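Student: what follows is a protein structure lacking sequence information:
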């Protein structure tokens, strides 16, 4: 019996081939534990001479069944680590035991027989980031090779960039009437603290019942999704009326992409829910990274940051005034470390006393002692706090002038009710230079270009006087001079502003190793002058566009029909046999080409917005040395510089416009279609010429007389005529013999102009008399006089171009190169009119350049309703 008892404690392993493979490890493990337990009962020691306590064993020999009791471990540190297989020494002893009782059977115990679950299930929230202890991470990374476990860094313990959460609210616990708020709402957020890794806070709830739960519900995408974080009770925080619960939230790493964290507090007690959502607007926090905060210390970066802080919070942190001094650490020529005290200028000291300086050595953040009238224990009647702290760097710092290279400017404000009024605090870092040299250079440029503008306006006025037939200076001459001067001054202001923007863009942004140049100060003299010049450039260019509009509205256009009647009776032509549809068709095409432009407005706007907004070129206009078009959300973006922004915008605008013009001239007109050439060909096919009077004696002419005599013919005749022109079996289309030039500029003599005025005089008289006659009779008279004036003008111009009037003849010549450059005619038409070979210059798009500059000056597009180039 004793032997049976003794042998029953020995667990014999069955042959391996008689046990399923997935059970063999568990059986071996259980057998080793049972064998070890038996040895301890017999007083047998391990090979190392130490005895394990019976408390280390968590499995005891029990009858098989679910009624068996599992003895839990006394401490997690005393838990025996499981083995997959028995040790060699234990396996040898088991083999001995197997030989002693070959009939003994292995007893197996499973987890469910010990009162445990076969599976262990743990639920994870999507917003929870998996955390691994730091010591585990250190051991894990120490032993890994570069080519293994690279994906382990996909789950960092903390965000890759330290995220600082900036609260957009005032902690309710620092406001007056907080406890009354808790009594009414049953729950209220008391205080919130943030660090570079987490958000923590305390919630105060009304002690309604013993069982209570508090949750923090937060969202990162404006409540499209949300998560709840439970808060834990703060031990010994109950005062009988209220309890405190604390929470801690680690924002996910993707919050540093610029999102906003919103949260509200939920209080569950007695089957009721109470909410604190900051009066319906939720509690909001905005992330900020260490990289953005450290941007203030990057030399050359203009920095500005403001925040709202509760005055009571300042008094809690600084119950007494603390004075600070700022020093600059540097090295002298011998490499010895030195410090230089930075002077502090207080803007609150208003004094004009000679010899008194507002530069101090110390400054404080908050002062709550001065406002206490009675004793130091009384509440302060007012609190003085630092509302503005600005560090100014005057360039160049190596050779300082009258101003110190570094200066700290402070400004203090007072608040009468510290418990209710928040304090607005501003911190800034600015850079400046001596702006006298900048202003002098700009003034010189304005003077030189302004003088050139006056000379150019005088030249344009002289040219207009010749073209208008003005022999003396009249009121219209003065008005024209002012109009030309305004347009030229607009170009001057535009060139100065554009050159200023390009200069600072290259000079400031091009600094890489050392920083010797600073941008003009915000709101300084140079920047204000720049804005004034920019406004004047836009205003003057707008007036120039109005002037161009007035000139184009006063243009006179005549269509000369060269078609002759086909049927004659008694030697007299029948005008009714000539079709008028050709002239109507030409006039309609003329109206269509007036809307032609080399610049596509929609394409211009789309391309500029694509480059500036989508690609991000506008980010280069920040007041820092960063040239990245996509700086990243974790970088600090300095305030815009209007000079740099205008320089970049104007450059992109002009570049896109220039590309469009080059494409239109080089590719579109040569490869696809040339609307002006097509219109000239249409005039030649229709046997209609266009006579344009832009000024009184100056204009353009398109010779459209058909070389075949008739244009009102059938399709077969048109094909035959075109074949003759293709095979050079007929004369050329030009105005002169053996010439194919069909477009001209002309200057008329006074005789020709006088004859044109005589033809148009009856029509003018009828228009003036319409108000005297009745309406119907006036309309009929106007139509009759219009038809007579048309036929008379058509006969006169036809005979004029056929050299019928010897006293009103004309000559054809080429313009000199200097005349083309200056847009000025040196020779005056005294006896004969002068026609200059235009070579398609007649219908140029000259108004596009004015509109392009106007849009560039205002960074906006103005769509004109003007005839291009007329």
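Tutor: Nice, I can see it. Here the structure is a predicted model, which is why all the values come from computation and not from measurement.

Student: all helices for the stretch 251-400 of the chain, in order.
Tutor: Secondary structure of the stretch 251-400 of the chain, counting by DSSP state H, counting those that start in this stretch: helices at 290-293, 311-317.

Student: want to throw the ones you listed into JSON lines with distance to residue 429?
Tutor: Yep, even glycine has a C-beta here, placed from its N, CA and C like the rest. JSON lines is the format used below for the helices of the stretch 251-400 of the chain (distance: least, CB to CB, whole Å):
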{"stretch": "helix 290-293", "distance to residue 429": "12"}
{"stretch": "helix 311-317", "distance to residue 429": "22"}
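
Student: could you check how far residue 649 is from residue 373?
Tutor: Distance, residue 649 to residue 373, using CB to CB, to the nearest Å: 57 Å.

Student: the two: which is more packed in?
Tutor: residue 649 (19 against 10; other CB atoms under 10 Å).

Student: on the three-state scheme, the more buried one is what?
Tutor: Following DSSP: H, G, I helix; E, B strand; the rest coil, residue 649 is assigned to helix.

Student: test my guess that it contacts residue 618.
Tutor: Yes: under the criterion of CB atoms under 8 Å, residue 649 makes contact with residue 618 at 7.5 Å.

Student: any common contacting residues for those two?
Tutor: Common neighbours of residue 649 and residue 618, counting by CB atoms under 8 Å, 6 or more residues apart in numbering, are residue 612.

Student: following the helix or strand hosting residue 476, which helix or strand comes up?
Tutor: Element membership of residue 476, judged by DSSP states H and E, is helix 475-509. For helix 475-509, the following helix or strand on the C-terminal side (DSSP H and E) is helix 525-553.

Student: could you say what helices and strands that next one packs with?
Tutor: Counting contacts by 3 or more CB pairs under 8 Å, 6 or more residues apart in numbering; DSSP states H and E, helix 525-553 packs against helix 435-468, helix 475-509, helix 642-662, helix 847-858.

Student: quick revisit: quick one: average confidence on the helix holding residue 476?
Tutor: Averaged across helix 475-509, pLDDT comes to 94.

Student: buried sites along that helix?
Tutor: Of all the residues in helix 475-509, those buried under the rule 16 or more other CB atoms under 10 Å are 477, 480-481, 483-498, 500-502, 504-505, 508-509.

Student: cool, and stretch 645-657?
Tutor: 645-653, 656-657.

Student: one more: stretch 439-446?
Tutor: Across stretch 439-446, burial judged by 16+ other CB under 10 Å covers 442, 446.

Student: over to stretch 403-416?
Tutor: So for stretch 403-416, counting by 16+ other CB under 10 Å, buried means 404-410, 412, 415.

Student: and the average pLDDT for that stretch is what?
Tutor: 88.

Student: in the protein, which residue is closest to the centre?
Tutor: residue 613 (4.6 Å; CA atoms, centre = their mean).

Student: helix, strand or coil for that residue?
Tutor: Following three-state DSSP, residue 613 is assigned to helix.

Student: that one and residue 642, how far apart?
Tutor: According to CB to CB, residue 613 stands 18 Å off from residue 642.

Student: do residue 731 as well
Tutor: Separation of residue 731 from residue 642 (CB to CB): 62 Å.

Student: for residue 456, same thing?
Tutor: Distance, residue 456 to residue 642, by CB to CB: 29 Å.

Student: now residue 322
Tutor: The gap separating residue 322 from residue 642 is 39 Å, by CB to CB.

Student: and residue 797, by the same measure?
Tutor: Residue 797 sits 55 Å away from residue 642, going by CB to CB.

Student: with residue 318 instead?
Tutor: Going from residue 318 to residue 642 by CB to CB gives 38 Å.

Student: again, but for residue 485
Tutor: 27 Å.

Student: again with residue 746
Tutor: Counting by CB to CB - residue 746 and residue 642 are separated by 48 Å.

Student: so if I had to pick from the two, which one is more boxed in?
Tutor: Using other CB under 10 Å as the criterion, residue 746 and residue 642 rank with residue 746 on top: 21 against 16.

Student: let me know the pLDDT of the more buried one.
Tutor: In this model, residue 746 carries a pLDDT of 93.

Student: tell me if residue 181 really is in a strand.
Tutor: No: using three-state DSSP, the assignment for residue 181 is helix, not a strand.

Student: could you check the pLDDT of it?
Tutor: pLDDT for residue 181: 87.

Student: ok, it - contacts?
Tutor: By CB under 8 Å, 6+ apart, the neighbours of residue 181 are 172, 188.

Student: sketch out the low-pLDDT regions of the stretch 301-450 of the chain for me.
Tutor: Residues of the stretch 301-450 of the chain meeting the criterion pLDDT under 70: 350-358, 397-401, 418-421.

Student: strands of that one, residue ranges please.
Tutor: With strands called from DSSP state E, counting those that start in this stretch, the stretch 301-450 of the chain shows them at 303-310, 323-325, 327-331, 337-341, 344-346, 359-360, 362-364, 366-367, 383-394, 406-415, 422-432.

Student: the closest residue to residue 364 other than its chain neighbours: neighbour count?
Tutor: The shortest distance from residue 364 to any non-neighbouring residue, by CB to CB, 6 or more residues apart in numbering, is to residue 321 (4.6 Å). Neighbours of residue 321 under the rule other CB under 10 Å: 13.

Student: list the contacts for residue 321?
Tutor: Per CB under 8 Å, 6+ apart, neighbours of residue 321: 364-369.

Student: from those, list just the buried residues.
Tutor: The neighbour-count criterion (16+ other CB under 10 Å) marks 364-368 among those as buried.

Student: what is the nearest of the contacts of residue 321 to residue 560?
Tutor: If you rank these by distance to residue 560 using CB to CB, residue 365 comes first, at 86.8 Å.

Student: ok, for the closest one, nearest residue in space, not its chain neighbours?
Tutor: Per CB to CB, 6+ apart, closest to residue 365 is residue 386, 5.0 Å.
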